[in-house]
Every structure is written in C-alpha cells, then in structure tokens.
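Trainee: no letters, just coordinates:
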C-alpha cells in the first residue's frame with residue numbers, strides 16, 4: 001500500500017512538472033517583443049514632396065508634424081523613430097506652407113512585424129550604387145577621392161569640385177543640400193554632400209566652389225565626416 005502511495009505521488013509530481021513546462025512555453029509564445037525606439041506614432045496625414053515625406057503624426061494624445069526621407073508611409077499605420085532635429089517656423093517653399101514646428105528625421109521605421117521593427121522603411125529612392133561618371137581632370141579641380149583621402153589637409157580650405165548632381169534637397173535647416181559624384185572614390189567614399197543657398201538640378205554636371213568642413217555633428221544623429229559648405233556654382237574656372 002505504501003508503495004502504491006509513493007508511486008502515485010511520483011506520478012502527480014511528474015504530471016505537475018509537465019503542466020508547468022507547457023504553461024511556461026505557452027507564455028513565452030504570447031510574449032510580444034517590445035521595440036527600443038523612443039517614439040511610436042500613428043500616421044494621420046501624408047504629404048509627398050521632392051526628397052521628403054511630411055507626416056502628421058499622433059503620439060499618445062499629441063499630434064505634430066515630422067519629415068523623413070521619401071517613404072511610402074500610409075495613413076493609419078504605426079511607425080517608430082528616435083530623436084529628430086526640430087525646426088521652428090519652417091517654411092516649405094514647395095508646399096508654400098509654414099510649419100510652426102516640425103521634426104526632421106534621419107530614419108523612420110515600420111511596424112510590419114516584431115522582427116522587422118529594427119529595419120528602416122524602404123524609401124522610394126534608397127541609396128544607390130556609385131554612378132558610372134567620367135569627369136576629365138582639370139587644373140585647379142579637386143576630386144572627391146582626393147578630398148576623402150586628405151581630409152585634414154583640406155579642412156577649412158576653399159576647393160573647386162566638378163561632378164554630377166545626384167540628389168537635391170531644398171531648404172533643410174535653412175540650407176539646400178546637394179549630393180554629387182565625379183566617378184572617383186576613396187575606400188568606398190564617392191558621394192560628396194554640399195550645402196548652399198543656390199538651387200541645383202539633379203543630373204546636371206556642375207563646377208562648384210566651397211569650403212571644406214570635417215567631422216560635423218549637428219546633433220540628433222546628424223553626423224558628417226565631410227561637408228563642403230557655402231557652395232556656389234562656377235560658370236568658368
């Protein structure tokens with residue numbers, strides 16, 4: 001009789017252990033992975049412009065505007081981001097609209113599933129491969145490869161660059177932002193970013209003069225190894 005009691009107690013313990021293990025596994029399956037981003041927003045309105053997407057976002061009970069690199073954001077969907085660069089009384093010339101306050105983001109992230117939260121939303125124009133461009137070397141013109149190779153030597157100096165405009169964003173932080181390539185590269189660096197008060201046409205071959213700046217940190221994740229500032233177009237060298 002004692003043997004039967006001990007056997008029954010052992011069986012009960014085994015069954016309780018099995019139930020506990022199954023229960024724990026079930027709970028783990030139901031655990032939702034939390035994202036690590038600072039902001040979670042729901043899109044209320046989307047306005048597409050050249051190079052950027054303006055989004056009227058709702059976060060908790062607060063609504064505000066933000067701008068991100070061109071993306072196919074949809075009304076009603078949830079997105080994530082960290083910090084942005086706030087602009088006050090920012091006027092969009094393309095929209096002829098002034099935003100009392102707006103956040104410019106470096107990236108915005110989708111909510112397709114918990115595993116994809118860390119992946120950025122695919123922009124309508126993602127970073128492209130280096131274009132096949134051939135610019136004949138001219139006296140007095142510095143190549144993009146030379147700039148990247150000798151960053152400290154060119155720091156603070158005025159240079160002349162000739163290349164093809166691959167991207168143009170108008171009036172961000174009160175400056176126009178231009179990307180150019182000239183067919184050269186140094187250790188994979190072939191894209192040169194310039195800031196200017198002038199307008200540029202994507203696809204145009206231009207000769208530009210500007211001042212070299214290095215290791216620029218604008219805050220909110222906007223860091224640049226190399227910028228050419230105060231850029232102006234030259235008609236003739």
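Mentor: Received, thanks. Keep in mind it's a predicted model, so treat the numbers as computed, not measured. Residues are numbered from 1 along each chain as shown.

Trainee: okay, CA-based contacts and neighbour counts for the rest of this
Mentor: OK.

Trainee: show me how this structure divides into domains.
Mentor: 39-116, 144-233 (automatic domain parsing).

Trainee: out of those, which is the most enclosed?
Mentor: domain 144-233 (a mean of 18; mean count of other Cα atoms under 10 Å).

Trainee: quick one: end-to-end length of that one, please.
Mentor: 16 Å (Cα to Cα, to the nearest Å).

Trainee: run the chain-centre distance for it.
Mentor: Relative to the centre of its chain, domain 144-233 is centred 18 Å away, using Cα atoms, centre = their mean, to the nearest Å.

Trainee: what's the answer for stretch 86-103, then?
Mentor: Using Cα atoms, centre = their mean, the offset of stretch 86-103 from its chain centre is 19 Å.

Trainee: now what about that stretch, what contacts it?
Mentor: Contact with stretch 86-103 is made by 49, 64, 65, 66, 67, 84, 85, 104, 171, 173, as judged by Cα atoms under 8 Å, 6 or more residues apart in numbering.

Trainee: pLDDT-wise, what's the bottom of those residues?
Mentor: The member of these with the lowest pLDDT is residue 173, at 70.

Trainee: which one is that residue nearest to, not counting chain neighbours?
Mentor: In this structure, residue 173 finds its nearest non-sequential neighbour in residue 87, 7.2 Å apart by Cα to Cα, 6 or more residues apart in numbering.

Trainee: ok, which stretches of this structure are strands?
Mentor: For the chain, the strands defined by DSSP state E cover 39-49, 52-59, 62-69, 78-81, 85-92, 97-104, 158-172, 175-181, 192-196, 205-219, 222-233.
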